[in-house]
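In: after the sequence you'll find the predicted model.
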Amino acid sequence: MRLEGKVALITGGASGMGKVASELFAREGAKVVLTDVSDEAGEAVSKAIGAAGGAADFVHADVSRESDARGMVDFAVERFGKLDVLYNNAGIMLDNDGSVDATDESVWDRTLAINVKGVAFGCKYGVPAMIASGGGSIINVASFVAWLGAATSQTAYTASKGAVLAMTREIAVEYARKGIRCNALCPGPIETPLLMQLLSDEQKRRRRFVHIPMGRLGQAEELAKAALFLASDDSSYMTGASLIVDGGITAAYVTPED
């Protein structure tokens, strides 16, 4: 098992990509602490992992609150004795996030609080815990839109993911010689309840699909396996990198419609 003996902290682990990653990491031998703002769903995921023979626990955390980020790291260390993997997966994309001249300040504030400060707070407390544990791997979820403009206007989200990419490189360089690797995972559109809700508008859906060379959305399991690679020792010489899992979007200049 690729994460045997490791302790992994996964934010936003109660649903979508975080839930799938929590289950996969546990199957691969990790002791998993998953966080979310949805306590009922988080407890259910934790219990299901335990029932399947894995080791997992849930702790409530709103990653935009520094005290919650500190608490989730403390919980992981107290519960399982160390921290080896930090998967900063929690993030949002609000449906009223649009063009720069039309996006309300409240959308900016909430998006940056969760997508950027949430990652920064996780790293702020995760890094010292990892140093005390002898090193580890941080995976920050950015996006393919950190590399190119989105087909559908979502300015605050795109800006937040660009910030995550830059922050990842900074952390990677600073802590490389302390045994910590920090990489960004850059997914394309992944079929999650959140994205399907946003793509309920047929025009937005068509504009998305025409730009994907593979002609389909990614699956949460595909992204979780990429995260597993970054979490495991298989990626031991990777830090400050961006692993793009986007069905070919960033490689394409023009993709014809089928």
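Out: Structure's in. What do you need?

In: contacts for the longest helix along the chain next, please.
Out: If you go by DSSP state H, the chain has its longest helix at helix 155-175. Here helix 155-175 makes contact (Cβ atoms under 8 Å, 6 or more residues apart in numbering) with 91-94, 97-100, 103, 107-108, 111-112, 115-116, 119-120, 123, 127, 131, 138, 140-143, 145-147, 149-150, 180-184, 186, 239-242. Placement of C-beta: from N, CA and C, glycine included.

In: the next helix-or-strand element following that helix: partners in the sheet, and parallel or antiparallel?
Out: As assigned by DSSP states H and E, the chain's next helix or strand after helix 155-175 is strand 180-187. Sheet pairing of strand 180-187 (DSSP bridges) gives strand 136-141 (parallel), strand 242-245 (parallel).

In: CA atoms of stretch 241-254 as PDB?
Out: Coordinates of each C-alpha in stretch 241-254 appear next as PDB, following Å, rounded to 0.1, in the frame of the first residue of the first chain:
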ATOM      1  CA  ALA A 241       5.400  21.400  -9.500                       C
ATOM      2  CA  SER A 242       2.000  21.600 -11.000                       C
ATOM      3  CA  LEU A 243       0.300  18.300 -11.900                       C
ATOM      4  CA  ILE A 244      -2.300  19.200 -14.500                       C
ATOM      5  CA  VAL A 245      -5.200  16.700 -14.900                       C
ATOM      6  CA  ASP A 246      -7.500  18.300 -17.300                       C
ATOM      7  CA  GLY A 247      -8.400  16.000 -20.200                       C
ATOM      8  CA  GLY A 248      -6.000  18.000 -22.500                       C
ATOM      9  CA  ILE A 249      -7.500  21.500 -22.100                       C
ATOM     10  CA  THR A 250      -4.300  23.300 -21.500                       C
ATOM     11  CA  ALA A 251      -2.600  21.500 -24.400                       C
ATOM     12  CA  ALA A 252      -5.200  22.600 -26.900                       C
ATOM     13  CA  TYR A 253      -5.300  25.700 -29.100                       C
ATOM     14  CA  VAL A 254      -8.600  25.000 -30.700                       C
END
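
In: buried set for that stretch?
Out: Ala241, Ser242, Leu243, Ile244, Val245, Asp246, Gly247, Ile249, Thr250 (16 or more other Cβ atoms under 10 Å).

In: quick one: mean pLDDT for that stretch?
Out: Average pLDDT, stretch 241-254: 90.

In: what does that stretch contact?
Out: Against stretch 241-254 from outside (Cβ under 8 Å, 6+ apart): 142, 144, 146-148, 165, 168, 172, 183-189, 211-218, 222-223, 226, 229-230.

In: quick one: contacts for the most centrally placed residue in the chain?
Out: Ranked by distance to the mean C-alpha position of the chain (Cα atoms, centre = their mean), the top residue is Asn89 at 2.3 Å. Applying Cβ under 8 Å, 6+ apart, we find Asn89 in contact with Ile10, Thr11, Gly12, Gly13, Met17, Gly18, Ala21, Ile139, Val141, Ala227.

In: how about the second one: what's its closest non-neighbour residue?
Out: Nearest residue to Thr11 in three dimensions, chain neighbours excluded: Ala90, at 3.9 Å (Cβ to Cβ, 6 or more residues apart in numbering).

In: what's the answer for the fourth one, then?
Out: Here the nearest residue to Gly13 in space, its sequence neighbours aside, is Leu34; by Cβ to Cβ, 6+ apart that works out to 2.9 Å.

In: same check on Met238?
Out: Asn183 (5.7 Å).

In: just to revisit the earlier point, thought the residue nearest to Thr11 was touching Thr35?
Out: Yes - with contact defined as Cβ atoms under 8 Å, Ala90 reaches Thr35; the gap is 7.4 Å.

In: joint contacts of these two?
Out: Contacts common to Ala90 and Thr35, judged by Cβ under 8 Å, 6+ apart, are Thr11, Gly12, Val63.
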